[in-house]
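Visitor: structure here, sequence nowhere to be found:
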């Protein structure tokens with residue numbers, strides 16, 4: 001297998017089959033027509049398209065960002081060609097029912113494919129992935145007529161979709177949105193308002209764009225309880241599904257970004273002429289719950305996208321380190337001796353190991369979360385489905401936030417490996433860093449993810465999700481304890497579970513006493529604690545699978561990376577546990593006036 005510029009294919013196959021047993025999802029009737037052979041064929045197709053059609057214009061789209069010309073967005077033609085190839089190959093409908101022309105693939109396999117496109121070109125793949133997420137939301141919550149008129153053209157690759165949440169004055173505070181929806185006699189609504197930071201909000205890649213917009217109906221309750229979800233097409237849609245006149249949706253501006261420049265980000269205005277036609281999705285005042293169906297899927301996607309940019313940086317810096325000759329070993333005194341490849345220097349190997357431990361650990365966690373999606377939707381046993389749902393609730397903010405923080409750090413390290421060359425645009429690692437920098441911000445900033453993890457997910461159902469996670473980890477610990485080469489690490493992780501449990505109890509007790517602000521003040525440290533525990537679990541699990549597979553360079557590398565993570569990275573979780581348990585008040589008690 002020739003080296004890939006976006007992922008180590010050996011690692012991908014190893015995680016899917018040796019670690020996660022991806023073939024186990026074939027027991028579900030929905031996936032019965034598939035096999036490992038079809039999974040491999042789809043992944044290979046995705047890989048080939050990612051390299052040939054997406055990676056090939058990644059730099060060009062960065063240097064030629066979208067422009068607003070005469071009220072429309074202009075993109076380089078390669079973006080449209082790549083998106084068309086994606087749709088023609090069926091990836092727009094990867095998750096959809098076969099009856100609707102879809103592939104009916106597991107979310108696990110689809111996520112593995114999506115990650116390849118994200119590693120090759122995160123900007124271009126944003127257009128079809130956002131559209132597919134919109135179609136998935138409509139599948140879950142729209143009525144039959146709306147599915148036929150709005151979802152089916154997206155699955156066919158003719159239409160695109162967005163989600164419109166943020167507003168200029170509100171940002172992530174959705175309770176403060178002002179966009180309003182006014183009911184009409186014919187059952188439709190007229191929307192008025194503005195939305196900011198809308199990815200893929202305007203372009204000419206398809207015949208129509210289906211905006212999914214959060215807004216308040218007349219007389220709705222204040223706060224998030226009064227938010228409804230609306231379909232707002234760029235072009236109005238007739239009863240027979242044909243495209244009608246232009247809707248009252250106007251492109252008001254294009255945001256110029258640090259990275260992912262090829263995906264247009266827009267400011268949209270709705271109803272300036274009083275004729276923005278909208279359709280309610282589902283029930284009034286349930287919009288936020290419906291939108292979270294799309295957002296949770298997107299958060300796994302954001303985490304995996306961050307992983308893949310980290311992975312791309314790692315592979316680039318690894319290749320450079322193998323080829324670049326510079327310096328000699330400290331004990332090599334002969335100045336006439338040939339310079340050595342920089343990968344021979346211990347500090348460069350340290351930087352490569354750090355990157356690898358982050359990207360391959362979080363890649364495994366993201367795929368595990370994707371597999372939980374399949375179990376939560378398909379398993380015949382109600383208790384098994386519920387357990388998968390709880391684990392997914394807990395792990396989603398970790399997949400999104402820990403991965404995007406640490407894989408961004410991996411990108412920074414990749415630049416350092418290349419030295420001065422890494423800081424130039426002659427090498428791709430600086431673009432990988434810029435492209436990844438958005439991931440700790442969008443789909444809920446990582447600070448919000450940490451608050452959600454500690455304040456809601458870890459505490460829900462009397463701590464049931466955390467108990468389930470710790471039980472799953474304990475099973476791996478028990479298995480690893482029987483392997484002499486892994487037993488010491490297994491016991492380290494067992495001890496760390498106890499610290500995490502104690503820290504969580506301490507926060508829960510403070511919150512019961514009404515000390516909510518102080519209890520949540522160290523949420524970011526809690527994300528570090530639980531994220532490190534989860535990634536240590538992923539590495540111990542990988543080491544177990546590698547030990548069972550046999551002894552070769554690949555498996556030795558897996559086990560050695562596990563040892564590195566436990567020796568060098570996991571101890572950071574001890575400090576995080578202490579800060580959380582003791583409710584460190586360094587930030588909480590620091591007055592804003594003292595800055």
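Guide: Done, it's in. Note that this is a predicted model, so its numbers are computed, not measured.

Visitor: contacting residues for the spatially closest residue to residue 490 that is not a sequence neighbour?
Guide: On the basis of C-beta to C-beta, 6 or more residues apart in numbering, the spatially nearest residue to residue 490 that is not a chain neighbour turns out to be residue 480, at 3.9 Å. Placement of C-beta: from N, CA and C, glycine included. Residue 480 sits next to 486-487, 489-490, 540, 543-544 when contact means C-beta atoms under 8 Å, 6 or more residues apart in numbering.

Visitor: select only the buried ones of those in ChimeraX?
Guide: This is the ChimeraX syntax for the buried subset of the contacts of residue 480, where burial follows 16 or more other C-beta atoms under 10 Å:
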select :486,489,490,540,543,544
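
Visitor: of all the contacts of residue 480, which comes closest to residue 33?
Guide: Using C-beta to C-beta, residue 544 is the member of the contacts of residue 480 that lies nearest residue 33, at 31.6 Å.

Visitor: how about the helix or strand harbouring that closest one: buried residues?
Guide: Per DSSP states H and E, residue 544 falls inside helix 523-549. Along helix 523-549, the positions that meet the burial threshold by neighbour count (16+ other C-beta under 10 Å) are 523-547.

Visitor: elements contacting it?
Guide: Based on contacts counted as 3 or more C-beta pairs under 8 Å, 6 or more residues apart in numbering; DSSP states H and E, the elements that helix 523-549 packs against are helix 346-378, helix 382-418, helix 446-452, helix 460-481, helix 487-512, helix 553-564, helix 572-581.

Visitor: show me what the last one is in contact with.
Guide: Defining contact as C-beta under 8 Å, 6+ apart, one finds that helix 572-581 is touched by 454, 496, 499-500, 502-504, 506-507, 522, 525-526, 528-529, 532-533, 536, 584.

Visitor: can we see that at 10 Å?
Guide: For helix 572-581, the external contacting residues (C-beta atoms under 10 Å, 6 or more residues apart in numbering) are 454, 493, 495-496, 498-507, 519, 521-533, 535-536, 584-586.

Visitor: state the mean pLDDT of that helix.
Guide: Per-region confidence: helix 572-581 scores 98 on mean pLDDT.

Visitor: helix 487-512 and that helix, what's the angle between them?
Guide: Using axes from the mean of the first three to the mean of the last three C-alpha atoms, to 10 degrees, one finds that helix 572-581 and helix 487-512 are set 20 degrees apart in direction.

Visitor: quick one: helix 572-581 to chain centroid distance?
Guide: From the chain centre to the centre of helix 572-581 is a distance of 26 Å (C-alpha atoms, centre = their mean, to the nearest Å).

Visitor: list the buried residues of that helix.
Guide: In terms of neighbour count (16+ other C-beta under 10 Å), helix 572-581 has its buried residues at 573, 576-577, 579-581.

Visitor: what's the offset of stretch 120-140 from the middle of its chain?
Guide: Relative to the mean C-alpha coordinate of its chain, stretch 120-140 is positioned 12 Å out (C-alpha atoms, centre = their mean).

Visitor: what do you get for stretch 69-83?
Guide: Between the mean C-alpha position of stretch 69-83 and that of its chain there is a distance of 25 Å (C-alpha atoms, centre = their mean).

Visitor: give me the domain ranges for the protein.
Guide: By the record's domain assignment, the chain is partitioned as 9-155, 160-285, 453-588 (automatic domain parsing).

Visitor: export these to a markdown table and tack on distance to residue 402?
Guide: Written out in a markdown table, the entries for these read as follows (distance: least, C-beta to C-beta, whole Å):
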| stretch | distance to residue 402 |
| --- | --- |
| domain 9-155 | 16 |
| domain 160-285 | 19 |
| domain 453-588 | 3 |
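
Visitor: just tell me which of these ends up closest to residue 424.
Guide: Ranking those by their distance to residue 424 (criterion: C-beta to C-beta) puts domain 9-155 first, at 12.7 Å.

Visitor: now do the closest one: distance to the chain's middle.
Guide: Remark: domain 9-155 is offset 14 Å from the chain centroid, using C-alpha atoms, centre = their mean.

Visitor: what mean pLDDT does it get?
Guide: Mean per-residue pLDDT for domain 9-155: 97.

Visitor: ok, stretch 531-542 next?
Guide: Mean per-residue pLDDT for stretch 531-542: 98.

Visitor: confirm that residue 589 sits in a helix.
Guide: No - following the definition DSSP: H, G, I helix; E, B strand; the rest coil, residue 589 is coil and is not counted among the residues of a helix.
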